[in-house]
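Trainee: Okay, here's the prediction I keep looking at, along with the sequence it came from:
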Amino acid sequence: MSIERNREQVARGEEAARVLNSPLLKEFFADMRSDCVRNWEHSAIDDVATREDAWKMHKAVSLLEQKLKTAIANGEHARKELLKEEKEK
């Protein structure tokens with residue numbers, strides 16, 4: 001990876017960490033997950049659509065969380081690459 005690309009990945013990882021560690025986002029994630037479970041629990045036995053929607057929302061929240069974690073991991077890896085390149089100079 002180029003130095004510029006590594007720097008970009010580091011910045012993206014830092015921003016993703018700030019977002020993921022935001023108390024407000026953590027609260028929203030918890031609320032959304034609770035809403036999903038509540039909707040599932042209170043759906044009528046024949047209300048498949050509500051349960052499917054709850055499942056999809058739960059998966060979407062998890063996917064967003066995973067995307068942020070991946071950006072953080074990529075940023076950490078890029079930081080190590082930058083440090084390695086600096087030592088090789």
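Mentor: In hand now; what should we look at?

Trainee: average model confidence for stretch 70-86?
Mentor: For stretch 70-86, mean pLDDT is 95.

Trainee: In space, not sequence, find me the middle residue of the chain.
Mentor: Geometric centre of the chain, nearest residue: Glu65, 2.2 Å, by CA atoms, centre = their mean.

Trainee: That residue: what's it in contact with?
Mentor: The contact partners of Glu65, taken as CB atoms under 8 Å, 6 or more residues apart in numbering, are Leu20, Phe29. In short, each C-beta sits where N, CA and C put it, glycine included.

Trainee: Let me know the helix or strand that it is in.
Mentor: Glu65 is part of helix 48-88, with elements assigned from DSSP states H and E.

Trainee: how about low-confidence regions in the protein?
Mentor: Low-confidence segments of the chain (pLDDT under 70): 1.

Trainee: Let's see that with 90 instead.
Mentor: For the chain, applying pLDDT under 90 flags the ranges 1, 85-89.

Trainee: Report the buried residues of stretch 6-17.
Mentor: Asn6, Gln9, Val10, Gly13, Ala16, Ala17 (16 or more other CB atoms under 10 Å).

Trainee: wait, what's in contact with the nearest residue to the last one once chain neighbours are set aside?
Mentor: Computed as CB to CB, 6 or more residues apart in numbering, the closest residue to Ala17 that is not its neighbour in sequence is Ile72, at 5.1 Å. When contacts are counted by CB under 8 Å, 6+ apart, Ile72 touches Gly13, Ala16, Ala17, Leu20.
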